[in-house]
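A.B. asks: Predicted structure and sequence below. I'll ask about it afterward.
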Amino acid sequence: MSKLIITAALTGAEVTRAQQPNLPITPQEIAAAALEAYEAGASIVHVHARLTDGTPTQDKQVYGEIQRLVADSCPVIFQPSTGGAVWHSAEERLQPLELNPEMATLSTGTCNFGRDIFANPQDFMEQAARTMLERGIKPEFEIFEAGMIDNALRLVKQGLVREPLHFNLVLGVPGAMAGTIRNLVFLVDALPVGSTWTVSGIGRFETPLAAAAIAMGGHVRVGFEDNIYYRNGELAVSNGQLVARIARLAHELGREVADPQEAREILGLDRKT
Ligand code: KMH
Ligand code: ZN
């Protein structure tokens, strides 16, 4: 089994300071959270930018500042979001790709998202995939529903994504697939041989699904974007605290934690052609 890649999803687009007082918002706060997560065992940081008042933004200047500050402080893989918030336009969502990050997210299908709709029509998926291909950016497919795997594979057939593929199985979003181990196993079984995958369990599903993924040979994403609690009713103090728990769990289950360079090798990020 490969070493474990831990991704820290530091901020997201939905969580507020009122819900989680330690949510990193400014580029400086996000970079500090990235450093703490790295020191706890994270090798990827999944980033959403915010304006200083907390409003989600896809502005490439703000992402650019975060990218610079993170790179100055630690060697983690910087993975900006092309999902943004549900109300961002396609043009806004694609802006962070202009920074040529090593990776970026790509959601391959439309689903309910709480009381909203997270829209990812075919045109958007193709445009995002084509831009990533041209710029040598590895997509992480965000899978909220089973059919999104088929949509991702269609992009591969169209020649818009190169293998090996990497998937994030996001389970437990209200309105999309539930956070059960049965669903995790079902989705993993549908992935092409040679793919890598990580799991994002939302809310109370975070830790049980992480434990399952560690045992199954997958990878794990945690952080305030997905879950703001350490345990039932107790807010987490930082993203780093959530990462540290996964590193401890991995240790107990006999799985070593990858550093960023090892994560690059596992994901094939060094194999750009
Ligand atoms: N904020 C969600 C609507 C991504 O980062 O690529 C979408 C999302 C996915 O967070
Ligand atoms: Zn995200």
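C.D. replies: Structure received. Numbering: from 1, shown residues only. Ligands and ions are numbered 1, 2, ... in the order given.

A.B. asks: per-residue pLDDT, the residue of the chain found nearest ligand 1?
C.D. replies: At 2.5 Å from ligand 1, Gly83 is the closest residue in the chain, using Cβ to the nearest ligand atom. All C-beta spots, glycine's among them, are computed from the backbone N, C-alpha and C. In this model, Gly83 is scored at 98, pLDDT.

A.B. asks: list the contacts for it?
C.D. replies: Ala13, Arg93, Thr105, Ser107, Phe118, Glu142 (Cβ atoms under 8 Å, 6 or more residues apart in numbering).

A.B. asks: And it, how close does it get to Arg248?
C.D. replies: 29 Å (Cβ to Cβ, to the nearest Å).

A.B. asks: ditto for Val257
C.D. replies: Taken as Cβ to Cβ, the span from Val257 to Arg248 is 10 Å.

A.B. asks: Compare those two and say which one has the larger neighbour count.
C.D. replies: Val257 (22 against 13; other Cβ atoms under 10 Å).

A.B. asks: now the more buried one, which residues is it bridged with?
C.D. replies: Beta-bridge partners for Val257, by DSSP bridges, are Leu4.

A.B. asks: likewise Tyr229?
C.D. replies: Under the criterion used (DSSP bridges), Tyr229 bridges to Leu235.

A.B. asks: can you list the residues of the stretch 51-200 of the chain near ligand 2?
C.D. replies: Applying Cβ under 5 Å from the ion, we find that the stretch 51-200 of the chain lies next to ligand 2 at Ser81, Gly83.

A.B. asks: and if we set it to 6 Å?
C.D. replies: By Cβ under 6 Å from the ion, the residues of the stretch 51-200 of the chain that approach ligand 2 are Ser81, Gly83, Thr105.

A.B. asks: Check which element follows the host helix or strand of Asn168 along the chain.
C.D. replies: Using DSSP states H and E, Asn168 falls within strand 166-171. Beyond strand 166-171 on the C-terminal side, the first helix or strand identified by DSSP H and E is helix 181-189.

A.B. asks: now what about that following helix, what contacts it?
C.D. replies: Contacts of helix 181-189 (Cβ under 8 Å, 6+ apart): 143, 146, 149, 167, 169, 171, 177, 197, 199, 208-209, 212-213, 216, 218.

A.B. asks: Now flag whichever of those residues is closest to ligand 2.
C.D. replies: Ile143 (12.8 Å; Cβ to the ion).

A.B. asks: wait, what's in contact with Gly175?
C.D. replies: Cys111, Asn112, Phe113, Gly114, Arg115.

A.B. asks: So which bits of stretch 66-79 are buried?
C.D. replies: Ile66, Gln67, Leu69, Val70, Cys74, Val76, Ile77, Phe78, Gln79 (16 or more other Cβ atoms under 10 Å).

A.B. asks: Am I right that the fifth one is in contact with Gly41?
C.D. replies: No: applying Cβ atoms under 8 Å as the test, Cys74 and Gly41 come out as separate, 11.9 Å apart.
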